[in-house]
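Q: one predicted model, sequence on top.
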Amino acid sequence: RKEVEQDPGPFNVPEGATVAFNCTYSNSASQSFFWYRQDCRKEPKLLMSVYSSGNEDGRFTAQLNRASQYISLLIRDSKLSDSATYLCVVNLGRGGGADGLTFGKGTHLIIQP
Amino acid sequence: EAGVTQFPSHSVIEKGQTVTLRCDPISGHDNLYWYRRVMGKEIKFLLHFVKESKQDESGMPNNRFLAERTGGTYSTLKVQPAELEDSGVYFCASSPISWGEQYFGPGTRLTVT
């Protein structure tokens, strides 16, 4: 089983629609959770951290379900500029102060006009 | 505030040669990380510095890779001798605190021929 698993897509979504991604992680001791966005041939850019209580930033809402070990991202009123690859990223909590991030392969989102 | 910078942006070398990549973290960030993405795979953690000390180098592929962070500021990653399978994009990231959000540089695209 992969440590962080995502549906690679692509998700083809019309502009203005709502789209949701899920991601599962393997280690119940994982410490912190993030969604990053990556445009073609660019570096990952932090979109938002994910907290147990859920958090919202404008059109984006992230949720964490520790019991089921999954993370979700909801994008409302999608824009053409939202087209990108969305990376689910987890700090697996491997102990000893080791806090390198573990990445999923990413979900490719295409917003269509 | 300047972001994470990396040099060079691209490097093409022949098998057996040596290449040194450089990363300058965000000023004041004690935590510096190296990651790598090879074609078709997810981004993988290589190692983590806290100031000048290696906190975790569990992701380093083999002893052909040497990372340093003298003085706790910029870091270098040397590959010697380079092999074909070392081709990929090498990202550096920094963070002010452990377990926190990490900010990525633009990456160095390494091609070994």
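A: Yep, that arrived.

Q: what are the ranges of the strands in chain B?
A: Using DSSP state E, the strands of chain B run over B:5-7, B:10-13, B:19-24, B:31-37, B:44-50, B:53-56, B:65-68, B:75-79, B:88-95, B:103-104, B:108-112.

Q: next, the buried residues of the second one.
A: What it means is strand B:10-13. Using 16 or more other CB atoms under 10 Å in any protein chain shown as the test for burial, strand B:10-13 gives B:11, B:13. For the C-beta atoms, the positions are set from N, CA and C on the backbone; glycine is no exception.

Q: average pLDDT for that strand?
A: For strand B:10-13, mean pLDDT is 98.

Q: now find how far off-centre it is within its chain.
A: A distance of 15 Å separates the centroid of the chain from that of strand B:10-13, by CA atoms, centre = their mean, to the nearest Å.

Q: likewise the shortest one?
A: How far strand B:103-104 lies from its chain's middle: 12 Å, per CA atoms, centre = their mean.

Q: again, but for the longest one
A: From the chain centre to the centre of strand B:88-95 is a distance of 5 Å (CA atoms, centre = their mean).

Q: what does stretch B:51-62 give?
A: With CA atoms, centre = their mean as the basis, stretch B:51-62 stands 10 Å off its chain's centre.

Q: in that stretch, what counts as buried?
A: Neighbour counts over stretch B:51-62 (16+ other CB under 10 Å) mark B:55-57, B:59-60 as buried.

Q: am I right that B:Tyr74 is in contact with B:Arg22?
A: Yes - B:Tyr74 is within contact range of B:Arg22, at 6.1 Å (criterion: CB atoms under 8 Å).

Q: and the closest residue to chain A within chain B, what does it touch?
A: Shortest chain B-to-chain A distance, computed as CB to the nearest CB: residue-wise this is B:Phe45, at 3.3 Å. Listed by CB atoms under 8 Å, 6 or more residues apart in numbering or on different chains, the contact partners of B:Phe45 are A:100-102, B:33-35, B:58-59.

Q: tell me the mean pLDDT for whichever strand or helix holds A:Phe33?
A: Following DSSP states H and E, one finds A:Phe33 within strand A:32-38. Average pLDDT, strand A:32-38: 95.

Q: stretch A:50-58 now?
A: pLDDT averaged over stretch A:50-58 gives 88.

Q: is chain B contacted by that stretch?
A: No - Stretch A:50-58 stays clear of chain B (CB under 8 Å from any CB of the partner chain), getting no nearer than 11.0 Å.

Q: now do the strands in chain A.
A: Along chain A, counting by DSSP E, strands occupy A:4-6, A:11-14, A:19-25, A:32-38, A:45-50, A:55-57, A:60-65, A:70-75, A:84-91, A:102-103, A:107-112.
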